[in-house]
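Colleague: Sequence and predicted model, in that order:
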Amino acid sequence: SGINAEYESSGINAEYGEMVQGYKLSPNAAANFSRKVLAKALRSNPYMVNLLLAGVDETGEPSLYFMDYLASMAKENYAAHGYGSFFILSTLDRYYREDMSKDEALDLLKKCIKEVQSRFIVNLNAFSVKIIDGNGVTEVADIPGRGTVHKDVPLEAIHPLLAKA
């Protein structure tokens, strides 16, 4: 199945790499390639990018890699970056389990979104969600956000699914 990854804002194109090399990159190879590109750029024209790279290798083993703008890389079970990560990493620490189902993982994601919305000044209207597994990248229905509504407005007044989060 090769790599099922989505590169956003990194300037790195996995499909191009596959064409040049003649074979699909595993998630580990793609992460190491990405890290090498970031490390090389760090010395001349650095990218100001933090990224999460997820994929599933030929054996069906999922992988998630965290990389920052200094080209450090770590394989993680869960990850977050940006200002929101300050608020949600404790939620992930508390509720993440390796044997979670997709529905349980989506419920945990909703808890994280709720945490960010209660503590962060910027709120989005919706959060797009993509699941990366052996079947590829699947888009899930957007998780509604609060937008610019004040935190005292009842969640069900914004969107019925928020009341269940």
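Modeller: Ah, there it is.
Colleague: wait, Leu64 sits on Asn77?
Modeller: Yes - using Cβ atoms under 8 Å, Leu64 is in contact with Asn77, at 7.0 Å. Just so you know, the C-beta spots here come from the backbone N, C-alpha and C atoms, and that holds for glycine as well.
Colleague: Specify which residue of those two has the higher count of neighbours.
Modeller: The residue with more neighbours, out of Leu64 and Asn77, is Leu64; 17 against 10, by other Cβ atoms under 10 Å.
Colleague: so what's the more buried one up against?
Modeller: Neighbour list for Leu64: 52-54, 75-79 [criterion: Cβ atoms under 8 Å, 6 or more residues apart in numbering].
Colleague: which one is it nearest to, not counting chain neighbours?
Modeller: Ala54 (4.9 Å; Cβ to Cβ, 6 or more residues apart in numbering).
Colleague: again, but for Lys111
Modeller: Nearest non-adjacent residue to Lys111, counting by Cβ to Cβ, 6+ apart: Thr91, 5.5 Å away.
Colleague: still on that earlier bit, near the residue nearest to Leu64, how many residues? Count them for me, please.
Modeller: 22.
Colleague: same question, the one 5 residues further on
Modeller: Here the neighbour count serves as a burial measure; for Thr59 (other Cβ under 10 Å) it reads 8.
Colleague: Report the secondary structure state of it.
Modeller: Under the three-state scheme (DSSP: H, G, I helix; E, B strand; the rest coil), Thr59 adopts coil.
Colleague: Need the per-residue pLDDT for it.
Modeller: pLDDT recorded at Thr59 is 88.
Colleague: and if you look at Ala71?
Modeller: So, for Ala71, pLDDT stands at 90.
Colleague: Kindly report the same for Glu104.
Modeller: 97.
Colleague: Show me what the helix ranked longest in the chain is packed up against.
Modeller: In the chain, assigned by DSSP state H, the helix with the most residues is helix 102-119. In terms of contacts (3 or more Cβ pairs under 8 Å, 6 or more residues apart in numbering; DSSP states H and E), helix 102-119 is packed against helix 85-95, strand 126-133, strand 136-144.
Colleague: Turn these into TSV, columns for distance to Thr59, mean neighbour count and mean pLDDT.
Modeller: Output for the helices and strands packed on helix 102-119, formatted as TSV (distance: least, Cβ to Cβ, whole Å; neighbours: other Cβ atoms under 10 Å; pLDDT from 0 to 100):
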stretch	distance to Thr59	mean neighbour count	mean pLDDT
helix 85-95	26	15	94
strand 126-133	13	14	86
strand 136-144	16	13	86
